[in-house]
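Visitor: Provided below are the primary sequence and the corresponding predicted coordinates.
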Amino acid sequence: MSRLGVTVGKFYPLHLGHAHLLREASRQVDRLVVVVGFRPGQELPGELRAGWIRELFPEAEVVLTPEDLPEAPEPWAARTLELLGGRRPDLAFTSEAYGEAWAAALGARHVGVDPPRATFPISGTALRADLAAHWPLLSGPAKAHFARRVVVLGVESSGTTTLARALAQALETPWVPEYGRAYWEGRASGPDPERWTPDEFLHIARAQASLEDALARRANRALVCDTDPLATAVWARRYLGRPHAPVARFAARRAPALYLLTAPDFGFVQDGTRESEAFRAAMHAWFVEALEASGVPWRLVEGPPEERLEAARAAVAPLLEFAPLADPTAPVGHP
């Protein structure tokens with residue numbers, strides 16, 4: 001016989017304690033319904049939080065409901081049954097004191113999942129107060145949302161990859177490698193390797209963004225990216241001989257927290273794939289132009305590697321401070 005389970009909460013933000021609750025619940029039922037409460041104007045919209053749960057638990061049914069009820073088990077049980085559309089839950093999962101009364105009003109058996117929070121000693125209240133201090137206990141999708149994305153870009157042979165790697169190591173966080181280079185190397189032995197199509201640049205921009213989003217789930221407050229779709233737009237201009245509007249629009253929707261532009265202030269190194277030293281100055285001017293038009297804060301880093309790293313760390317440091325999240329105000333469910 002199929003067993004239906006239900007749980008309710010704000011998941012504001014989604015942390016490892018929530019994930020533990022949902023994982024245990026999923027394990028014990030054939031179908032799990034997760035009710036996410038929201039209020040209009042919240043700093044973390046309900047649909048965003050529901051999306052995080054759907055990403056981690058695609059087998060769950062996630063439904064949204066306004067937080068417009070009294071803070072008591074009975075009204076929330078009535079709302080839950082309404083959302084279930086006539087289905088009666090067998091099990092109700094919480095890690096809260098209200099759980100027994102809520103489950104009884106539902107006509108379900110209550111299953112308490114780690115009420116003392118021994119497995120993951122965290123609460124939404126603590127996270128909202130100090131994201132940085134409790135960062136390791138955020139769920140992957142929440143990390144991706146909050147992580148400050150720092151993009152290192154620049155012309156060929158200007159030290160972008162060297163700086164991206166060093167900065168990521170200093171910040172103890174992942175770095176996102178350049179997808180376009182691997183794509184270029186892969187196509188180099190095919191027919192007409194110098195002939196590019198607009199679709200290729202849109203593919204590169206999307207693939208770069210996908211790789212960035214995947215690694216952001218492992219970020220430690222910041223994520224360091226060796227290039228991004230804005231840089232792809234500059235290279236599309238170079239190889240197509242004209243601006244690439246679709247890539248530019250795509251880049252504009254993914255603005256990072258900070259750009260670091262590496263200066264071409266040392267000798268050109270030919271690795272067998274790069275163009276020429278003479279072209280670096282023109283391309284650098286195009287990067288400056290694109291950064292100025294982006295409206296995103298940016299900083300030029302120059303000098304030897306150790307000076308560049310020091311300047312980059314100084315520029316990133318203010319980004320690693322997080323203001324407290326606004327309290328969602330309605331204490332429904334697992335906080």
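Guide: Everything's here; your move.
Visitor: So Ala251 lies in a helix, does it not?
Guide: Yes. Judged by DSSP: H, G, I helix; E, B strand; the rest coil, Ala251 forms part of a helix.
Visitor: Surely it and Thr227 touch.
Guide: No. Contact criterion Cβ atoms under 8 Å: Ala251 and Thr227 do not qualify, at 11.0 Å. Using the backbone N, CA and C atoms, a C-beta is placed for each residue, glycine as well.
Visitor: of the two, who's got more company?
Guide: Comparing Ala251 with Thr227 by other Cβ atoms under 10 Å, the one with more neighbours is Thr227, at 26 against 22.
Visitor: Phi first, then psi, for that one.
Guide: Per-residue torsions, Thr227: phi 90, psi 170 (degrees, to the nearest 10).
Visitor: same question for the host helix or strand of Leu291, mean pLDDT?
Guide: Leu291 is part of helix 277-294, with elements assigned from DSSP states H and E. Averaged across helix 277-294, pLDDT comes to 90.
Visitor: quick one: buried residues of it?
Guide: 280, 283-284, 287, 290-291, 294 (16 or more other Cβ atoms under 10 Å).
Visitor: Check which helices and strands it sits against.
Guide: Helix 277-294 sits against helix 229-240, strand 258-262, with contacts defined as 3 or more Cβ pairs under 8 Å, 6 or more residues apart in numbering; DSSP states H and E.
Visitor: if we compare those, which one ends up closest to Gly41?
Guide: Among the helices and strands packed on helix 277-294, the nearest to Gly41 by Cβ to Cβ is strand 258-262 (27.8 Å).
Visitor: what sits against Leu261?
Guide: 153-154, 287-288, 291, 298-301 (Cβ atoms under 8 Å, 6 or more residues apart in numbering).
Visitor: wait, which of these is closest to Glu212?
Guide: Leu153 (12.9 Å).
Visitor: That closest one and Ala233 touch, don't they?
Guide: No. Using Cβ under 8 Å, Leu153 is not in contact with Ala233, being 10.9 Å away.
Visitor: so where is the stretch 51-200 of the chain shaky, pLDDT-wise?
Guide: Judged by pLDDT under 70, the stretch 51-200 of the chain has no weakly predicted residues.
Visitor: Can you show me the helices along it?
Guide: For the stretch 51-200 of the chain, the helices defined by DSSP state H, counting those that start in this stretch cover 73-83, 99-106, 124-129, 140-146, 160-171, 179-187, 198-216.
Visitor: re earlier: would you mark the buried spots in the helix or strand following the helix holding Leu291?
Guide: Note on helix 277-294: by DSSP H and E, the next helix or strand toward the C-terminus is strand 298-301. Within strand 298-301, the residues scored as buried using 16+ other Cβ under 10 Å are 298, 300-301.
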